[in-house]
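**Student:** sequence unknown, structure follows:
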């Protein structure tokens, strides 16, 4: 599991006085930096290989300003070139969001899909969702 | 169909030199103002009744800075208290994003789900997805 | 004068139920696209020459969701390599924001400051602040 | 001094491959939560008393994705109802941004300016800029 603690910002709230729904994908992506560096250790944008294909977000409970949130991310599935994440956002003991996000790994110049290497697979395995379910 | 033209902003791009994926939900929500005003004509936040439940976004083509995008939104399904939208983002003749977003209509004080009124249904019917498919 | 009409988004409001102050620089920059294309007609990021140096923003009146805003931008001063903008945001007949923003024109590879060309100066002159004051 | 460590997000970068200038006010405001809670310990938006009046930001060095930043905030001046902050953003040993931001303290219902209380002044004094200069 990848984990990140985030302190909500005033600018992330909206007129309904909770965190706006468009902040959620920002937090989810902002919590994938460790994952991104597995694919791109030097973090150079010209070498980026992960393209987002789909994100499916369930909003289960409102998130409020004033309490930290915890974003949790597991690897749900490693395909040939695709990667499916399962993610959760928790606040004050409540599951507020769960989401699934799919990336495809591409060659950074040709933009064609590219097999996820064995070296990367080994690291990703440590973050698999099964670990969560076997807890 | 609800329609909105949006001019991409530099701040909405990212290091990969296209529009960042987290901008997409911002544009989709930003294109629902006409829809929101059907449910809440005075636009007062204290009277807001639509809570987002799910959004499922397919990223089909990169979106770039420098060309306007068009966001299109149809009513896919009107349930008792729920509302499903089907949305598309087009740029330069390409379908870049399609998405489905589900709201639930709630009583603004009790936050309990509340039937969508007949008056609102009549207006929503004019924006139904069937119209698109029958074009 | 450069002018842009912007429709406020729910995600740009905050818990105080007006437009959050951090939205203002986003709108100001988002209204400079025409200016940017004078310096960089092809809009390629690798050829970008304008770097922001300072922005000084006065928040004079609250901005609300539900009414379009108009952003106005004038050229206040053209230095050797520097450019000072004067900008205003209006809503419902009220001046809500005025700002000054300074850019420096740089060589896109060396990042060293570079004289603003005569061709560009001629175009910028048409948007000078004096025109406003002589209205 | 108030201090906050922030991990830059991909969505906060732009096509120039550094952190976009509009991210800076977001980080500055996001680092004022401790300050805000001095004025409003329950953090309820309906009791908010601080309204932003001005922000003046110097962009001194580019900020990059991949390295944490540190935001530092001092109280520069406590007026009758006004409050001036001096803020800095550091990354990898470089001062990237310095800024001054002015708030006015208002009655949360009448919105009229209201003297900053003695209790609050005592707490603010501990974060005065003089401490920095006497280091």
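**Tutor:** Yep, it's here. Bear in mind the structure is a predicted one, so any value in this text is a computation, not a measurement.

**Student:** and residue A:76, how many neighbours does it have?
**Tutor:** Number of residues near residue A:76 (other C-beta atoms under 10 Å in any protein chain shown) recorded here: 18. C-beta here means a position set from N, CA and C on the backbone, and glycine is covered the same way.

**Student:** and chain A, which residues reach chain C?
**Tutor:** A:10-11, A:13-15, A:17, A:20-23, A:65 (C-beta under 8 Å from any C-beta of the partner chain).

**Student:** rerun that using 6 Å as the cut-off
**Tutor:** A:10-11, A:13-15, A:17, A:20, A:22 (C-beta under 6 Å from any C-beta of the partner chain).

**Student:** Which single one of the residues you listed is nearest to residue D:113?
**Tutor:** Using C-beta to C-beta, residue A:10 is the member of the residues of chain A next to chain C that sits closest to residue D:113, with 20.4 Å.

**Student:** Could you check the pLDDT of the closest one?
**Tutor:** Residue A:10 is assigned a predicted lDDT (pLDDT) of 98.

**Student:** try residue A:13
**Tutor:** pLDDT at residue A:13 comes out at 98.

**Student:** next one: residue A:100
**Tutor:** The model's pLDDT for residue A:100 equals 98.

**Student:** for residue A:130, same thing?
**Tutor:** 83.

**Student:** Confirm it sits in a helix?
**Tutor:** Yes - counting by DSSP: H, G, I helix; E, B strand; the rest coil, residue A:130 is located in a helix.

**Student:** now the strands for chain A?
**Tutor:** Applying DSSP state E to chain A gives strands spanning A:2-6, A:50-59, A:69-78, A:82-91, A:94-105.

**Student:** Count residues in the vicinity of the closest residue to residue A:8 other than its chain neighbours, would you?
**Tutor:** Closest residue in space to residue A:8, ignoring its immediate chain neighbours: residue A:65 at 4.9 Å, by C-beta to C-beta, 6 or more residues apart in numbering or on different chains. By other C-beta under 10 Å, the residues close to residue A:65 number 20.

**Student:** hang on, residue A:65 packs against residue A:7?
**Tutor:** No - if you go by C-beta atoms under 6 Å, residue A:65 and residue A:7 don't touch, sitting 9.4 Å apart.

**Student:** need the contact list for residue A:14.
**Tutor:** Residue A:14 is in contact with A:20, C:10, C:13, counting by C-beta atoms under 6 Å, 6 or more residues apart in numbering or on different chains.

**Student:** Which residues of chain A lie near chain B?
**Tutor:** Counting by C-beta under 6 Å from any C-beta, chain A sits next to chain B at A:15-16, A:21-22, A:25-26, A:29, A:45, A:48, A:52-59.

**Student:** gap between the residue nearest to residue A:8 and residue B:14?
**Tutor:** As judged by C-beta to C-beta, to the nearest Å, residue A:65 and residue B:14 stand 25 Å apart.

**Student:** relative to its centroid, which residue of chain A is most remote?
**Tutor:** Residue farthest from the centre of chain A, counting by C-alpha atoms, centre = their mean, is residue A:15 at 26.3 Å.
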